[in-house]
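1. Okay, predicted coordinates and the sequence, questions at the end:
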Amino acid sequence: MKRRLEIVPFEVKHLEGYKSLTGPDEVGTARLGKEPTEAYTALDEKGRTIFCMGRIEVTPWCQEVWFIATVHIIRWPREAVGIAKKYLKECCLSRSHRVQAVVLKDWEKGNQFMQKLGFRREGILKALDEEKRDYNLYARVR
């Protein structure tokens, strides 16, 4: 029997009790101070959160995407990339010509993930969060 992830509308409770792979501070929606325009959660067969992702409309031509992975994503790497690619195509690139995201500068796996999704690094955002950590800015432009 093939394993499958269930995709459901995002709720904050999906992240309760989970430690994110990026650490305690998530820039995602907090950085812009906006609610996500659209967001989803991937759950495994036991109902555990694998990852959450969503988008924020920065402008009509620019979407900012966020992705929060839990430790359970280690079992689902191909599925996560496939779902993220589909989401980017259907929910972001179909609406805007620019999609952007930020990733902790020193988080190697997160930076590799962005490259697998076809994003290009545009630069570094210095001291972006409360802990003054640096982030890489990635974008896909069509």
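-> On my side now, so go ahead. None of these values were measured; they are calculated from a predicted model. Numbering: from 1, shown residues only.
2. okay, CA-based contacts and neighbour counts for the rest of this
-> OK.
3. And the strands in the protein?
-> Under the criterion DSSP state E, strands of the chain are mapped to 6-9, 38-43, 49-59, 62-69, 98-104, 120-125, 135-141.
4. which strands and helices sit next to the shortest one?
-> Think strand 6-9. strand 38-43 (3 or more CA pairs under 8 Å, 6 or more residues apart in numbering; DSSP states H and E).
5. Just the buried positions in the strand it packs on, please.
-> Buried residues in strand 38-43, defined by neighbour count with 16 or more other CA atoms under 10 Å: A39, Y40, T41, A42, L43.
6. Just want the angle from it to strand 49-59.
-> With axes from the mean of the first three to the mean of the last three CA atoms, to 10 degrees defining the directions, strand 38-43 sits at 170 degrees from strand 49-59.
7. what's near enough to touch L93?
-> V99, R142 (CA atoms under 8 Å, 6 or more residues apart in numbering).
8. re earlier: need the strands of the chain in a markdown table with mean pLDDT and distance to I83, can you?
-> Formatted as a markdown table, those follow (pLDDT from 0 to 100; distance: least, CA to CA, whole Å):
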| stretch | mean pLDDT | distance to I83 |
| --- | --- | --- |
| strand 6-9 | 94 | 9 |
| strand 38-43 | 92 | 9 |
| strand 49-59 | 90 | 10 |
| strand 62-69 | 90 | 11 |
| strand 98-104 | 92 | 16 |
| strand 120-125 | 97 | 19 |
| strand 135-141 | 95 | 17 |
